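In: Mind folding the following:
(one chain, ligands or ions: 1)
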Amino acid sequence: MSVPSRRFRPTTAADVDRDGHRFEWLKPDGWREGFRALALEIDDPGTGAPCVIGVGRIGPNTAHPGRDLVELEIDVAYRRRGDGTALLRELGRYSNNPLSSKVVPGSERDGFLRSLGAVTYLEVPLLRVDVQADRTARWCEAVRSAQDGIVRTAPWTDLPRAQLVDALTDRYAWQHASWSPTASREVLRPVVGEEFYDESELEHSWAVVRDGEITALADLYGTGRTEEPTDAEEQTGVDRAPVGSRREGALEAVDAAAPDARADVALCLAALLEDLRSLGTASMDFDNHPTDPHAAPLLATLRRTEVDPVHLVEIPNGLTAVLRDVP
Ligand SMILES: CC(C)(COP(=O)(O)OP(=O)(O)OC[C@H]1O[C@@H](n2cnc3c(N)ncnc32)[C@H](O)[C@@H]1OP(=O)(O)O)[C@@H](O)C(=O)NCCC(=O)NCCS
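Out: Numbering: from 1, shown residues only. Below is the predicted model:
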């Protein structure tokens, strides 16, 4: 089908008033520093009046400077005519970085982004653990009986905020280093350390402390969800909205190479699971990565099911798009 006069321009407050109800996300360009928001407009074939048929945005990922964030939406009535491809290519002109997104395998987002050459850089299923199972209780007892005398577990409410934020920042940096390198610690601390701290349920998140140092963390997320995904959420894909008796969180060591890291992560996990068991929680979803050196093998020793797999994908842009398009 031929496309009448496609035009791209920054979105405006007038677009939001007129067309906000037609798109999941529509805000005026400039709503967020460093981001660009564009409208794709055509002349309505019936009336000849300008008509917005797509919106999109692009901008840096503060925590992960190597890939930029992109999101777009085409009006349902105008799909499969190449407009999504055209809008993504136009958005891509505002960045030299490759772009990243999160897709459910088989979804329209998956099909669309794969058609542009997107490749998976990490496959991340949620690991759902049955908290009330007798075996889970026996697993926690086995961890406790292997515990040495020096170490202790503490809910985050018992520890200083700054110490927890530092530990969260350190953990995040090495955890992502091999597959999504992070910004410097100073940049990461507010957008990851403080955000994770602020969104966790402090009284039911756990730390292991050894010689005064936090060595492992298990975070349980609260329900205080903001409208916009946080920087950390945009990268990790965690939706912090636990429902009913199902809860969501993550765990790992603060220094993965420490000699007691495996034992301390196990102890942290046991403290979290025992606490959730006493609260009557049915199941816990761990948003860990298969690359986590302690959490992944430990979670594999619990009875768990893999649910809601998503792929973190890179969409070619900048040099990578040029190379993709070499004839
Ligand atoms: C995904 C979306 C942006 C695609 O827009 P579009 O204008 O229909 O995309 P295009 O016409 O440029 O599609 C290009 C190719 O992507 C693939 N594709 C697009 N939609 C697809 C779908 N629903 N299922 C499978 N593949 C799809 C096809 O290979 C298509 O080429 P083809 O039509 O020749 O087969 C649109 O469906 C949408 O807005 N969805 C809701 C929001 C969303 O998922 N956004 C993704 C942001 S990254």
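In: From now on I want contacts and neighbour counts done on CA atoms only, so please keep to that.
Out: Fine.
In: By mean pLDDT, flag the weakest helix or strand of the chain.
Out: In the chain, no helix or strand scores lower on mean pLDDT, DSSP states H and E than helix 231-236, which sits at a mean of 48.
In: Which residues outside the next helix or strand after it are in contact with it?
Out: Next along the chain after helix 231-236, taking DSSP states H and E as the criterion, comes strand 246-253. Residues from elsewhere that reach strand 246-253 (C-alpha atoms under 8 Å, 6 or more residues apart in numbering): 171, 215-221, 240-242, 261-262, 264-265, 268-269, 281-288, 292, 294-295.
In: Ok, stretch 157-173 next?
Out: The contact list for stretch 157-173, computed with C-alpha under 8 Å, 6+ apart, reads 156, 181-182, 185, 188-189, 192-194, 196-197, 202-203, 214, 217, 252-255.
In: bridging residues for the closest residue to residue 272 other than its chain neighbours?
Out: In this structure, residue 272 finds its nearest non-sequential neighbour in residue 206, 6.1 Å apart by C-alpha to C-alpha, 6 or more residues apart in numbering. Assessed by DSSP bridges, residue 206 has beta-bridge partners residue 155, residue 218.
In: likewise the one 4 residues further on?
Out: Beta bridges link residue 210 to residue 213, judged by DSSP bridges.
In: That one: what's it in contact with?
Out: 150-152.
In: Residue 61: what's its closest spatial neighbour, skipping adjacent residues?
Out: Counting by C-alpha to C-alpha, 6+ apart, the residue nearest residue 61 is residue 68, at 5.4 Å.
In: Do I have it right that the one you found meets residue 99?
Out: Yes - with contacts counted by C-alpha atoms under 8 Å, residue 68 reaches residue 99, the gap being 4.6 Å.
In: still on that earlier bit, need the contact list for the residue nearest to residue 61.
Out: 58-61, 95, 97-100.
In: Quick check: residue 122 touching residue 312?
Out: Yes - counting by C-alpha under 8 Å, residue 122 touches residue 312, with 5.2 Å between them.
In: what about the helices in this structure?
Out: Per DSSP state H, the chain carries helices over the ranges 13-19, 83-92, 108-115, 134-145, 161-176, 185-188, 195-199, 231-236, 261-279, 295-299, 319-324.
In: Out of those helices, which is the most enclosed?
Out: Of the helices of the chain, the one with the most neighbours on average (mean count of other C-alpha atoms under 10 Å) is helix 261-279, at a mean of 22.
In: count of neighbours near whatever residue of the stretch 201-327 of the chain ends up closest to the ligand?
Out: Nearest residue of the stretch 201-327 of the chain to the ligand: residue 315, at 9.0 Å (C-alpha to the nearest ligand atom). As a burial measure, residue 315 scores 25 neighbours (other C-alpha atoms under 10 Å).
In: check contacts around the closest residue to it other than its chain neighbours.
Out: Counting by C-alpha to C-alpha, 6+ apart, residue 118 is the residue found nearest to residue 315 once chain neighbours are left out, at 4.3 Å. If you count contacts by C-alpha under 8 Å, 6+ apart, residue 118 has them with 313-316.
In: how far away is residue 118 from the ligand?
Out: To the ligand, residue 118 is 10 Å away according to C-alpha to the nearest ligand atom, to the nearest Å.
In: Run through the residues of this structure sitting next to the ligand.
Out: Within the chain, the positions near the ligand by C-alpha under 6 Å from any ligand atom are 71-74, 79-85, 108-109, 111-112, 115.
In: Tell me which two of those residues sit farthest apart.
Out: The largest separation in the residues of the chain next to the ligand, counting by C-alpha to C-alpha, is between 71 and 81 at 18.1 Å.
In: which of the two has more neighbours?
Out: The residue with more neighbours, out of residue 71 and residue 81, is residue 71; 16 against 11, by other C-alpha under 10 Å.
In: How about the contacts made by the more buried one?
Out: By C-alpha under 8 Å, 6+ apart, the neighbours of residue 71 are 56-58, 101.
In: Could you do residue 113 as well?
Out: Listed by C-alpha under 8 Å, 6+ apart, the contact partners of residue 113 are residue 315.
In: Where does pLDDT dip in the protein?
Out: Residues of the chain that meet the criterion pLDDT under 70 lie in 1-4, 222-244.
In: so what are the domain limits for it?
Out: 7-97, 123-311 (automatic domain parsing).
In: could you dump those domains to a markdown table with distance to residue 322?
Out: Shown next, in a markdown table, are those (distance: least, C-alpha to C-alpha, whole Å):
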| stretch | distance to residue 322 |
| --- | --- |
| domain 7-97 | 11 |
| domain 123-311 | 22 |
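In: The nearest residue to residue 245 once chain neighbours are set aside: neighbour count?
Out: Among residues not flanking residue 245 along the chain, residue 281 sits closest, at 4.8 Å (C-alpha to C-alpha, 6+ apart). Residue 281: 17 surrounding residues under other C-alpha under 10 Å.
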